[in-house]
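*Asks:* Structure, please.
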Amino acid sequence: MARKEELRSCGVRLRPALSLLALVSFTSGCALSRGVRPVGEKNVAIDASLGGPVADYMGGMKPFPLSTVGLTYGLTDKTNIHGGFHPSSLAMFGLVGLELGASHLVVEPDGAIPAVMVDGTIITLAGNLAEGPPDGGFRAFLETSVMASWAYGKREHLIYTGPEFITQPSPLMSIPGWTVGHRFNAGRWGIGAELGWLAPFWDNLPPVVEYAGIGGRGAVSINLGVSVKLGGEQ
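*Replies:* Here you go, the predicted structure:
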């Protein structure tokens, strides 16, 4: 199939788990974690991120330049809804990548007890990875996460961490990961950085594209992002 041939041309071994990881990471991008803290009822935030799995390409180890542009709306003081578009998937593969999801605060922060927020996001991809048949395609994935976050300082900068899962509904398969991140808040602006480890239970030995894993497993990812809040207090 055209998708498999394109992934092979990128040097990706078509093990079921790693082919799913490659398809999602190369096409939909690796956005910063969406569910960290609520933005506040009726508030709107615009965000953009750049980065992805670290791999050996074009002369050295570096993150793939995968991009996401999105918008978050505060449905309540505890619940966000968000959507996004992946420009890199369109530019690099001719795929339209979209996402829609919701986050909800399930544990309020209290001293050393972190805020805990759960998120569910549907990622959809439409189009082709390569020329030739099939003439078109549609894939959908579910990304879920549980993020614990601690605020510090007058601006309430955030340190957060938690597990994430990318799930393919048919055939059913789920890829786990773990993320550690930091968000620097400056009024309405926020600057974020994340370090992730995708698919830690699968080896990444050749002939896959040479990912930077840990102990020969999975792929380390690096992502940077910026957000601006359009409503609420600074």
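*Asks:* P87 contacts L66, doesn't it?
*Replies:* No: using C-beta atoms under 8 Å, P87 is not in contact with L66; the gap is 9.2 Å. Every residue, glycine included, has its C-beta placed from N, CA and C.
*Asks:* quick one, which of the two is more surrounded?
*Replies:* A direct count of neighbours by other C-beta atoms under 10 Å for P87 and L66 places L66 higher, at 25 against 15.
*Asks:* Could I get the pLDDT score of A199?
*Replies:* For A199, the pLDDT comes out at 84.
*Asks:* A helix includes it, no?
*Replies:* No: read with DSSP: H, G, I helix; E, B strand; the rest coil, A199 is strand and lies in no helix.
*Asks:* Please work out how many residues are found near L100.
*Replies:* When neighbours are defined as other C-beta under 10 Å, L100 has 14 of them.
*Asks:* Model confidence score at it, please.
*Replies:* At L100, pLDDT is 96.
*Asks:* Spatially, and excluding backbone neighbours, which residue is closest to I113.
*Replies:* V107 (7.1 Å; C-beta to C-beta, 6 or more residues apart in numbering).
*Asks:* so where do the helices sit in the protein?
*Replies:* Using DSSP state H, the helices of the chain run over residues 2-9, 16-27, 87-93.
*Asks:* how many other residues sit next to the residue nearest to I113?
*Replies:* Applying other C-beta under 10 Å, I find that V107 has 12 neighbouring residues.
*Asks:* show me what contacts it?
*Replies:* Applying C-beta atoms under 8 Å, 6 or more residues apart in numbering, we find V107 in contact with I113, P114, A115, V116.
*Asks:* who's in contact with R37?
*Replies:* Counting by C-beta under 8 Å, 6+ apart, R37 has contacts L105, A115, M117, S149, L158.
*Asks:* The second one: how many residues sit nearby?
*Replies:* Applying other C-beta under 10 Å, we find 20 other residues in the vicinity of A115.
*Asks:* Same question for the last one.
*Replies:* Applying the criterion other C-beta under 10 Å, we find 22 residues in the vicinity of L158.
*Asks:* what's the pLDDT at it?
*Replies:* Reported pLDDT for L158: 97.
*Asks:* Which residue ranges of the chain form strands?
*Replies:* 44-57, 60-63, 67-74, 79-85, 95-107, 115-127, 138-152, 157-168, 173-186, 189-203, 217-229 (DSSP state E).
*Asks:* For this protein, which element, helix or strand, carries the lowest mean pLDDT?
*Replies:* helix 2-9 (a mean of 36; mean pLDDT, DSSP states H and E).
*Asks:* Against G70, how distant is I81?
*Replies:* Counting by C-beta to C-beta, to the nearest Å, the gap between I81 and G70 amounts to 11 Å.
*Asks:* The two: who's more crowded?
*Replies:* Comparing I81 with G70 by other C-beta under 10 Å, the one with more neighbours is G70, at 24 against 13.
*Asks:* who's in contact with the residue lying closest to the more buried one once chain neighbours are set aside?
*Replies:* Of all residues not flanking G70 in the chain, G84 sits nearest, at 3.0 Å (C-beta to C-beta, 6+ apart). Shown in contact with G84 (C-beta under 8 Å, 6+ apart): A31, T68, V69, G70, L71, L98, E99.
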